[in-house]
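Undergrad: Just need the structure, nothing else, for what follows:
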Amino acid sequence: MNAAANTTSATGQVASLVYADAFGAEPEHTAAARDAARSLGIAAATPGTAALLALLARMVGARAAVEIGTGAGVSGLALLAGMEPDGILTSIDLEPEHQAAARKAIASAGVPNRRARLIAGAGLAVLPKLSDGAYDFVFVDGDPLEYVEYVEQAARLLRSGGLLVVNHALAGGTVADSGNEDDETVIIREALAATQTMEEFTPVLLPVGDGLLVALRT
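TA: Model (predicted):
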């Protein structure tokens, strides 16, 4: 294959990923939460990421989920949409302003307050207080420098058959660049590798959004 063909193929792959990530329409309340995220300077879950979160939560019949990194509520809305009608989302974020935006988004979607437990605090301070094996789903979208610890906590928190999902797992392409040794990139690589070596997880890495690691708690 010549250089022109390679370039065309690469361009087509990128276009296909962009097309797939934007596939399907979002509810108005999710679009409003996405606008709020932009105004706060938050990198919200992409439409493809949100759609997959809802699907995965539905597939495991999630009734209890933990989200590390509330943001403006885009990913939380997706998780709640996929969870069972009585499901409860526990979402942790250090920024009260972010959680205020998320609470507004969740209320605008008509989700009862009892289904969303928003906790203001550092992930690694809150997670150890949560019960072992009590959760069906753990979504990691917090500080990349703490991803390894989040994965370790998820192994404890998840029931057998539960799912760990790690967002920004490709870090804008830097994870795949073997020459990139930035702190965040290195830590994300270590977190991905941990799911491959820990006996608790069976992982797969998906090119959705900025990369999603999905790991089954065995």
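Undergrad: Can I get the top strand by length along the chain in CSV? Just the C-alpha atoms.
TA: Longest strand of the chain, by residue count under DSSP state E: strand 158-167. Extracted as CSV, the C-alpha positions of strand 158-167 are listed here (Å, rounded to 0.1, in the frame of the first residue of the first chain):
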residue,chain,number,x,y,z
LEU,A,158,-17.4,-4.4,42.7
ARG,A,159,-19.4,-7.6,43.0
SER,A,160,-18.5,-10.5,40.8
GLY,A,161,-20.0,-9.8,37.4
GLY,A,162,-19.8,-6.0,37.9
LEU,A,163,-18.1,-3.6,35.5
LEU,A,164,-15.2,-1.2,35.9
VAL,A,165,-15.2,1.5,33.1
VAL,A,166,-12.2,3.9,32.9
ASN,A,167,-12.6,7.0,30.8
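Undergrad: Quick check: mean pLDDT of the helix or strand following that strand?
TA: Where DSSP states H and E defines the elements, the next helix or strand beyond strand 158-167 is helix 183-197. The average pLDDT for helix 183-197 rounds to 98.
Undergrad: Next, the angle from the longest strand of the chain to helix 183-197.
TA: Interaxial angle of strand 158-167 relative to helix 183-197 (axes from the mean of the first three to the mean of the last three Cα atoms, to 10 degrees): 150 degrees.
Undergrad: Quick check: beta-bridge partners of the residue found closest to R115 once you drop the neighbours it is linked to in the chain?
TA: Nearest residue to R115, sequence neighbours excluded (Cβ to Cβ, 6 or more residues apart in numbering): I88, at 5.5 Å. The way it works is simple: take the backbone N, C-alpha and C, and place the C-beta from them, glycine included. Beta-bridge partners for I88, by DSSP bridges, are A64.
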